[in-house]
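Engineer: Output the structure for:
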Amino acid sequence: MKKTSILALLALATLACSNSYNAKIPVMNNTNDSINYAIGLVNGAQIRMQQLNEADEKSLDQAATEFVDALQRGWDGKVEKQSEAARIGHNIGSALRTSEEKGLADNPAWTLDEKVFFQGLINGIHGDESVMDASAARDYFQKAYQSAPAAENHKQDKPVKAKCVDKPKTIELQSFLDSVNYAFGLLNGDDIGKYVLEADSDGTMRKELIEAINKSLSSKNKYPQLVQLGEQIGKTIKDQSEQGLIGVPELTTDFELIKQGFINGIKDFGEWDAVSAGHFIQEAIEDIKNGTTKAAGEAFLASNALREGVIVTESGLQYEVLKEGKGEHPTATDRVKVHYHGTLIDGTVFDSSVDRGEPITFALDQVIAGWTEGVQLMTVGSKYKFYIPQELGYGCRAAGHIPPCSALIFEVELLAIE
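Structural biologist: So this is what the prediction gives:
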């Protein structure tokens with residue numbers, strides 16, 4: 001079921017106070033520390049650009065304080081649990097707080113009139129169509145939004161603030177602003193009545209919704225949307241910390257560094273900008289993952305070298321003879337015809353002429369070093385199994401389905417020298 005109008009209302013702002021948080025460069029002793037800080041910085045900068053792009057220094061300080069207080073509550077597990085109705089009511093109140101400054105539906109030409117909006121909302125919830133029905137409200141609001149009336153024609157001096165009272169009634173719409181506020185309230189109320197309060201047989205859920213709206217409207221926080229976002233992010237960070245920072249098991253979560261990153265990002269402090277920090281995160285995580293792959297390959301090869309029948313060359317190439325042929329040995333400049341089957345050390349197949357049913361011909365000096373060396377050890381008719389260290393393979397760069405720094409395993413049958 002769609003909740004189009006509810007989502008439209010919540011999208012009035014796309015996205016939270018008692019402490020003061022200072023911008024400062026924290027002590028970072030290793031890559032893990034730097035990644036934690038950079039994650040906070042990048043996300044804090046996004047909040048500033050998306051939500052606070054016109055804020056002055058004092059406003060940025062308040063926004064950082066409200067957001068980080070909420071972030072801490074989320075991390076500490078002190079976020080108040082809400083029913084779905086209460087959560088939606090809280091979101092509506094927070095969105096209306098933003099609309100008091102930015103205008104109804106984020107349109108500065110439309111002054112928010114909470115008294116008229118709430119009457120539309122309550123009438124919509126109760127199915128009261130005495131002023132207009134939901135279909136008419138939707139058409140009216142959409143046409144009005146698309147026409148984007150000029151601010152000088154409809155804007156009032158300041159928003160009209162009011163409490164939400166659960167009392168449906170017929171009201172007279174005396175102006176364009178009355179109509180657009182009422183229509184927007186009604187279409188949201190209609191959706192809430194259908195999709196949120198459909199099982200509300202005794203009015204309990206409706207009461208929770210309205211109480212949450214009024215509670216959110218009376219909050220002293222200047223940035224209620226950031227408060228909500230901070231609580232969600234803090235809780236998410238805590239919930240995911242056992243699995244490793246941002247899903248990387250090798251990284252541990254340092255909440256204080258993340259928090260300082262958010263503060264600095266919101267306040268635009270420090271020489272490290274969001275773009276540079278983002279590149280650092282990406283490169284550092286790739287290095288960590290590559291290092292894990294490389295270490296796994298080295299451990300595998302060290303163990304494999306001890307197996308009976310495995311021969312290790314001076315370069316580190318390992319091989320075992322599956323079948324010995326009676327033909328000639330190729331040289332490094334020869335073209336050879338082979339069948340092969342390539343896997344990672346975990347058995348994942350990344351390429352196989354055997355599976356395709358078609359051998360391949362190539363020059364030995366135009367392939368990876370492990371092949372150039374290994375195939376020269378063979379005679380025509382032989383079948384060997386090669387265990388190739390990453391430095392004799394593709395190194396620490398991705399190659400098709402082969403992850404960077406991967407040790408490789410090939411079964412190779414030398415069919416001919418051409």
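Engineer: the strands in the stretch 51-200 of the chain, which residues?
Structural biologist: Taking DSSP state E, counting those that start in this stretch, the stretch 51-200 of the chain contains no strands at all.
Engineer: Run through the chain and note the low-pLDDT ranges.
Structural biologist: Within the chain, the segments meeting pLDDT under 70 span 1-20, 148-156.
Engineer: Helices of that one, start to end?
Structural biologist: Here the chain has its helices, by DSSP state H, at 4-10, 31-51, 57-76, 84-102, 114-126, 134-147, 151-154, 176-195, 204-217, 224-240, 255-267, 274-304, 353-356, 369-376.
Engineer: Now do the fifth one: which elements does it pack against?
Structural biologist: The one in question is helix 114-126. Applying 3 or more C-beta pairs under 8 Å, 6 or more residues apart in numbering; DSSP states H and E, one finds that helix 114-126 contacts helix 84-102, helix 134-147, helix 176-195. C-beta: built from backbone N, CA, C; applies to glycine.
Engineer: Kindly export that helix (C-alpha atoms) in CSV.
Structural biologist: Output of helix 114-126 as CSV, limited to C-alpha atoms (Å, rounded to 0.1, in the frame of the first residue of the first chain):
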residue,chain,number,x,y,z
GLU,A,114,-0.9,24.8,11.4
LYS,A,115,-4.5,25.5,12.5
VAL,A,116,-5.9,25.0,9.0
PHE,A,117,-3.4,22.1,8.3
PHE,A,118,-4.4,20.3,11.4
GLN,A,119,-8.1,20.6,10.7
GLY,A,120,-7.5,19.1,7.3
LEU,A,121,-5.4,16.3,8.9
ILE,A,122,-8.0,15.5,11.5
ASN,A,123,-10.9,15.6,9.0
GLY,A,124,-8.9,13.3,6.7
ILE,A,125,-8.2,10.8,9.5
HIS,A,126,-11.9,10.7,10.4
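Engineer: Could you pull out the buried residues of it?
Structural biologist: Neighbour counts over helix 114-126 (16 or more other C-beta atoms under 10 Å) mark 114-126 as buried.
Engineer: again, but for the third one
Structural biologist: Buried residues in helix 57-76, counting neighbours by 16+ other C-beta under 10 Å, are found at 60-75.
Engineer: do the fourth one as well
Structural biologist: Going by neighbour count (16+ other C-beta under 10 Å), the buried part of helix 84-102 is 85-100.
Engineer: Now do that helix: everything it contacts.
Structural biologist: 6, 9-13, 82, 105-106, 108, 112, 114, 117, 121, 159, 161, 188, 192, 196-197, 200, 205-206, 208-217, 219, 224-225, 227-228 (C-beta atoms under 8 Å, 6 or more residues apart in numbering).
Engineer: from the chain's centre, how far out does it sit?
Structural biologist: 24 Å (C-alpha atoms, centre = their mean, to the nearest Å).
Engineer: Return the alpha-carbon coordinates of it using CSV.
Structural biologist: Output of helix 84-102 as CSV, limited to C-alpha atoms (Å, rounded to 0.1, in the frame of the first residue of the first chain):
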residue,chain,number,x,y,z
GLU,A,84,4.2,3.3,14.7
ALA,A,85,1.5,5.9,15.2
ALA,A,86,3.7,7.8,17.7
ARG,A,87,6.7,7.6,15.4
ILE,A,88,4.7,9.0,12.5
GLY,A,89,3.2,11.7,14.7
HIS,A,90,6.8,12.7,15.8
ASN,A,91,7.9,12.8,12.2
ILE,A,92,4.9,15.0,11.2
GLY,A,93,5.7,17.4,14.1
SER,A,94,9.3,17.6,13.2
ALA,A,95,8.5,18.2,9.5
LEU,A,96,6.1,21.0,10.5
ARG,A,97,8.8,22.6,12.6
THR,A,98,10.9,22.8,9.5
SER,A,99,8.0,24.1,7.5
GLU,A,100,7.6,27.0,10.0
GLU,A,101,10.8,28.3,8.6
LYS,A,102,11.0,27.0,5.0
